[in-house]
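Asks: Quick one: sequence plus predicted model below, questions after.
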Amino acid sequence: MAGYILALDQGTTSSRAILYDDHARPIKMVQQPTTLQTPKAGYVEQDAQQIWQTQISCAHDVINRAGLLATDVASIAITNQRESIVIWDKQTGKPLAPAIIWQDRRTERYCQTLAVEKVTNDSDEDMASEVQRITGLRLDPYFSASKIAWLLENNPKLSARANRGEIAVGTIDSWLIYKLTGGEHVIDVTNASRTLLYDIHKMAWSQELCARFAIPMNILPKVLPSDGDFGKTKKGLLAKQIPIHAVLGDQQAALFGQGCLDAGMAKNTYGTGCFMLMNIGQKPKLSEHKLLTTIAWQRKPVPTRPENLSFDQIVQSGKRMLHLPKKEVTYALEGSVFMAGAIVQWLRDNLGMIQKSSDVEDLARQVDSSEDVVLLPAFTGLGAPYWRSDISASITGMSRGTTKSHIARAALEAVAYQTYDVLIAMQKDSPHPLTELRVDGGAANNDLLMQFQADLLNVPVLRPRDTEITAKGAALLAGLKTGLYDEATMRASWQVERIFEPTMSSDIREQHLNKWKQAVERALRTI
């Protein structure tokens with residue numbers, strides 16, 4: 001079957017479109033930057049219209065630059081920044097407020113107050129525990145629910161219109177699908193599971209949580225499986241109407257693209273933040289070590305032939321050769337690190353230490369060690385497994401001999417230290433020991449960081465040839481849905497480029513880890 005998959009990858013700082021051929025190989029990519037606004041301390045916003053315009057512009061450009069026509073595209077796949085929300089007019093499709101981005105912390109006090117409230121007057125359980133039990137998540141401003149609640153509470157007109165069913169709200173995938181199709185108000189299950197409003201056990205919006213956050217359920221999108229039928233592009237948008245066959249939140253897309261289809265397999269994405277996910281199979285397990293339980297994907301498995309029957313026997317008996325099982329849900333444990341590549345951006349933009357982000361490795365290599373310097377990157381608090389939004393960033397251990405190179409090396413080490421903390425928590429929660437870590441994202445191309453990561457974790461770190469794995473994960477799912485790809489295509493699409501084997505002695509590893517632990521404990525003591 002000939003054709004191409006058009007993957008739309010809407011991230012925190014850019015929109016991209018990538019075309020994949022019938023062997024899941026990327027043939028052309030177009031990218032446009034998007035702008036973050038920080039109007040107040042703790043506020044992080046984007047222009048929802050800019051998100052849409054850059055994304056559709058990239059889609060048009062990538063088809064043209066590849067020398068193709070829209071008629072050559074078999075299916076569209078979408079992957080997106082999660083937790084960020086858009087609210088818009090159902091009739092006009094115009095955004096009614098800036099998009100509130102996942103990094104936004106404006107609802108911190110609201111979440112802290114709600115977390116300690118009792119579920120009922122005669123209950124000992126607090127809302128933080130109830131939220132985790134239903135959603136697998138933590139009651140934190142990071143997720144979507146408090147963002148939606150804030151918009152409705154602070155805009156009385158929006159609240160009134162919401163009650164009249166005149167507005168729609170959704171995560172970035174919902175917004176893009178609405179604009180692409182000209183009116184479909186849907187969301188994929190992986191993005192729904194990041195809202196704090198979705199029951200990951202019942203696979204439905206939680207009436208209790210919607211009521212608690214004062215969010216009318218009529219403004220929420222319909223939830224579909226990750227390989228659901230999300231509609232077709234509206235007439236006139238492209239030269240033909242193209243079906244949207246796969247949608248995955250960016251980190252789930254990376255897990256799928258890394259081929260982590262079996263329980264116990266894990267990946268880490270080094271982007272603006274850092275996100276480690278481990279496939280835990282088809283039963284949700286709530287974390288006891290401050291990690292998140294989330295939906296990895298829901299899809300229809302590849303049909304299988306009934307066992308012990310030959311093809312002739314099946315035909316002769318009149319039985320169907322293929323069993324078509326129900327769509328299966330796969331769950332994952334997740335640890336979220338808020339600052340990864342963003343630390344390097346801070347060195348570049350705020351301190352002017354480097355001209356471009358890729359320069360950080362050369363600067364860090366000018367010294368053999370960060371010595372006693374530790375950069376604690378709590379610019380927006382610390383994520384998993386600490387979840388302490390009240391901690392501030394700091395650089396400690398400096399002396400008169402400290403140079404830019406020491407700070408640059410400490411910045412890279414900070415990314416690896418945070419990943420180590422997440423992995424240790426994950427190992428305590430999961431019955432599956434980690435034997436390797438698959439990596440992707442921009443900073444995965446940093447050899448110094450990857451080697452230090454392997455040394456800290458004491459397991460091999462595997463970097464694939466294609467580190468832009470997020471878009472590929474969504475494209476693979478769309479290709480499987482359309483029949484353009486099969487499982488063999490998927491396996492062949494993941495090829496290792498380099499394996500970083502751990503080489504650090506246990507004594508040196510402990511010295512590094514103790515330095516990091518002391519810095520974290522020092523920060524915790526100062527609160």
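Replies: Perfect, thanks for sending it.

Asks: pretty sure residue 127 contacts residue 111?
Replies: No. At 9.4 Å, residue 127 and residue 111 do not qualify as touching, with contact defined as Cβ atoms under 8 Å. C-beta here means a position set from N, CA and C on the backbone, and glycine is covered the same way.

Asks: what residues do these two have in common as contacts?
Replies: residue 139 (Cβ atoms under 8 Å, 6 or more residues apart in numbering).

Asks: Which of these two has more residues huddled nearby?
Replies: residue 111 (23 against 19; other Cβ atoms under 10 Å).

Asks: host element of that one?
Replies: helix 108-116 (DSSP states H and E).

Asks: Who are the packing partners of that helix?
Replies: helix 127-135, helix 144-154 (3 or more Cβ pairs under 8 Å, 6 or more residues apart in numbering; DSSP states H and E).

Asks: Nearest to residue 521, out of these?
Replies: Distance to residue 521, taken as Cβ to Cβ, is lowest for helix 127-135 among these, at 23.7 Å.

Asks: Residues contacting that closest one, please?
Replies: Residues from elsewhere that reach helix 127-135, judged by Cβ under 8 Å, 6+ apart: 114-119, 137-139, 193, 195-201, 206, 208-209, 212, 286.

Asks: Equivalent analysis for stretch 25-40, please.
Replies: For stretch 25-40, the external contacting residues (Cβ under 8 Å, 6+ apart) are 4, 12-21, 43-47, 50-51, 54, 57-58, 61-62, 65-66, 98, 101, 106, 466, 468, 471-472, 493.

Asks: Pull out the buried residues from these.
Replies: Buried by 16 or more other Cβ atoms under 10 Å: 4, 12-13, 15-21, 44-47, 50-51, 54, 58, 61-62, 66, 98, 101, 106, 466, 468, 471-472, 493, out of the contacts of stretch 25-40.

Asks: close enough to count as contact, residue 209 and residue 200?
Replies: No. Between residue 209 and residue 200 there is no contact under Cβ under 8 Å: 11.7 Å.

Asks: burial count for residue 286?
Replies: There are 15 residues near residue 286, going by other Cβ under 10 Å.

Asks: The longest strand anywhere in the chain - what's its average pLDDT?
Replies: Criterion DSSP state E: the longest strand present in the chain is strand 328-337. Mean per-residue pLDDT for strand 328-337: 92.

Asks: Same check on stretch 164-178?
Replies: Averaging pLDDT residue by residue across stretch 164-178 gives 96.

Asks: what does stretch 484-491 give?
Replies: Mean predicted confidence for stretch 484-491 is 87.

Asks: cool, stretch 415-434 as well?
Replies: The model assigns stretch 415-434 a mean pLDDT of 88.

Asks: Give me the below-cutoff pLDDT ranges for the stretch 401-527 of the chain.
Replies: 527 (pLDDT under 70).

Asks: for the stretch 151-300 of the chain, what spans make up the strands?
Replies: Listed in chain order, the strands of the stretch 151-300 of the chain (DSSP state E, counting those that start in this stretch) span 167-171, 186-188, 198-199, 204-205, 222-224, 244-249, 266-270, 274-281, 292-299.

Asks: Same question for the helix ranked longest in the chain: list its buried residues.
Replies: Longest helix in the chain by number of residues, with DSSP state H as the criterion: helix 404-429. Judged by neighbour count (16+ other Cβ under 10 Å), helix 404-429 contains these buried residues: 404-423, 425-427, 429.

Asks: circling back: who wins for proximity to residue 73 among the helices and strands packed on helix 108-116?
Replies: helix 144-154 (30.3 Å).

Asks: Flag every buried residue along the closest one.
Replies: Buried, per 16+ other Cβ under 10 Å, within helix 144-154: 144, 145, 146, 147, 148, 149, 150, 151, 152.

Asks: Equivalent analysis for stretch 281-299, please.
Replies: So stretch 281-299, judged by 16+ other Cβ under 10 Å, has buried residues 281, 284, 287, 289-299.

Asks: So which of these is the closest to residue 73?
Replies: For the buried residues of stretch 281-299, the nearest to residue 73 is residue 299 (20.9 Å; Cβ to Cβ).
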